[in-house]
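In: Predicted model follows, preceded by the sequence.
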Amino acid sequence: MNRDDVDWKGYFPAFVTPFTEDGALDLDTLARLVDHYVAEGMHGIVVNGTCGEWFSQTTDERRAVAEAAVAQAAGRLTVLVGCTDYTAAQTADLAHHALAAGADGVLASPPPYVKLFAPEVVAFYEDLDALVDGPLVVYNWPYGSGIDIDTDLADRLADIDHIVAIKDSTPDADQFFATSRRVRDRVRVFGGYLGERGLEELRTHGGDGTVGGGSLFGRPDPQFYEDVWAGDLDKAAEHAARSDRLFPELWLPGGWAGHFGGYQSQLKALMAMLGQPGGHVRKPRLPVTDPESLAQMRAALVRAGLLAEQPA
């Protein structure tokens, strides 16, 4: 398999897993969020990733989330399911279930906590490749896995048979663009293109898409890519500049956490302000409740034109 075996491209929100305030899985809100993203024209979603709080779910819950997302999407957008776990066998069990449920592909980071060396990363994905007969996405998530898949290592992984894409969340922009140029002949690359520097990369060297933390802007996020594909780079540049202005106000460098709380906690608070169905976080994450933090977050959305005015 290679990049030509899938048609994935554009903007894919990293899908939050909604929980109720007391921590129960909220599949009704999950269904509404799928419908929201379909209505906003998203090209796909990635469920049970970092934003999806897979780490606080049981295996049965992860399976339930995958099934619910695929069923609600009903072919209206691409669904990729996160299957990160501590061994290739455990990851493959989740992958088998997701693909059988109808997922278009599965993604996994190197196992968290263990901080694998490069040959061990290659062996992990080779083992996963041997166990899973379906499209695989490498998820480079340095803050969670403890390692950063650099360009040379990504080059090696791109030759593994079932790997068709990489979601590269490195905080090193130079490395990301180098990786994109190196491996795009074999795998699809999702990463930091949705900004002014990223737009220039799309114009000069190409790129496939972005998996972003939810979608605060809504329709303008997938529209950015549609403008690029149509050759309307001036219009795309407007959204790139707007994104570049907003995100430093909300997220720490590298996008691993918010200025006002954990990534999932802040994202769900922002979604609530925008009227997007996202539910609550589950422990060990705690919600953002500080009034001053919430006020600053709302003010950032107002400055971005996403909210009309501050509440009275």
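Out: In hand now; what should we look at?

In: Give the closest residue to residue 73 in space, chain neighbours not counted.
Out: Distances taken as Cβ to Cβ, 6 or more residues apart in numbering place residue 79 nearest to residue 73, at 5.0 Å, with adjacent residues excluded. Quick note: C-beta positions are derived from backbone N, CA and C, even for glycine.

In: Would you mind naming the residues that bridge with residue 14?
Out: Beta-bridge pairing for residue 14 (DSSP bridges): residue 46, residue 213.

In: Tell me if I am right that the residue nearest to residue 73 is in a strand.
Out: Yes. With DSSP: H, G, I helix; E, B strand; the rest coil as the criterion, residue 79 is part of a strand.

In: Am I right that it is in contact with residue 99?
Out: No. The criterion here is Cβ atoms under 8 Å, and residue 79 misses it with residue 99 at 10.8 Å.

In: more neighbours, these two?
Out: residue 79 (26 against 20; other Cβ atoms under 10 Å).

In: What are the neighbouring residues in contact with that one?
Out: Taking Cβ atoms under 8 Å, 6 or more residues apart in numbering, we find residue 79 in contact with 44-45, 47, 69-70, 73, 102-104.

In: run the last query once more with 10 Å
Out: 12, 15, 34, 44-47, 66, 69-73, 98, 101-105 (Cβ atoms under 10 Å, 6 or more residues apart in numbering).

In: Okay, and which of these map to helices?
Out: Members of those lying in helices (criterion: DSSP state H): 34, 66, 69-73, 98, 101.

In: Now the buried members of those residues.
Out: Buried subset of the ones in helices among the contacts of residue 79 (neighbour count, 16 or more other Cβ atoms under 10 Å): 34, 66, 69-70, 72-73, 98, 101.

In: picking that back up, where's the residue nearest to residue 73 relative to residue 49, distance?
Out: Look at residue 79 and residue 49: by Cβ to Cβ, to the nearest Å, they are 12 Å apart.

In: can you check residue 19 too?
Out: Taking Cβ to Cβ as the measure, residue 19 and residue 49 are separated by 16 Å.

In: just for the chain, where's the confidence low?
Out: Low-confidence segments of the chain (pLDDT under 70): 310-312.

In: Now the phi/psi pair for residue 252, please.
Out: Main-chain torsions, residue 252, degrees, to the nearest 10: phi -70, psi 160.

In: can you tell me which residues contact the spatially closest residue to it that is not a sequence neighbour?
Out: Nearest residue to residue 252, sequence neighbours excluded (Cβ to Cβ, 6+ apart): residue 259, at 6.3 Å. When contacts are counted by Cβ under 10 Å, 6+ apart, residue 259 is found next to 248-252, 266, 293, 296-297, 300.

In: Please apply the same query to residue 149.
Out: 109-110, 118, 121, 125, 138-142, 155-157, 166, 168-170, 175, 179.

In: Quick check: it vs residue 46, distance?
Out: Counting by Cβ to Cβ - residue 149 and residue 46 are separated by 17 Å.

In: Equivalent analysis for residue 189, please.
Out: Taking Cβ to Cβ, one finds residue 189 at 14 Å from residue 46.

In: Tell me where the stretch 51-200 of the chain has helices.
Out: 59-73, 88-101, 118-131, 142-145, 151-157, 173-183, 196-204 (DSSP state H, counting those that start in this stretch).

In: Out of those helices, which is closest to residue 286?
Out: Closest approach to residue 286 among the helices of the stretch 51-200 of the chain (Cβ to Cβ): helix 142-145, 18.2 Å.

In: And the closest one, how far out from the chain middle?
Out: Offset of helix 142-145 from its chain centre (Cα atoms, centre = their mean, to the nearest Å): 14 Å.

In: Keeping just the C-alphas, turn it into CSV.
Out: C-alpha atoms of helix 142-145 as CSV (Å, rounded to 0.1, in the frame of the first residue of the first chain):
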residue,chain,number,x,y,z
PRO,A,142,6.5,13.7,20.9
TYR,A,143,4.8,15.0,24.1
GLY,A,144,2.9,11.7,24.5
SER,A,145,5.4,9.1,23.3
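
In: Understood, closing this out.
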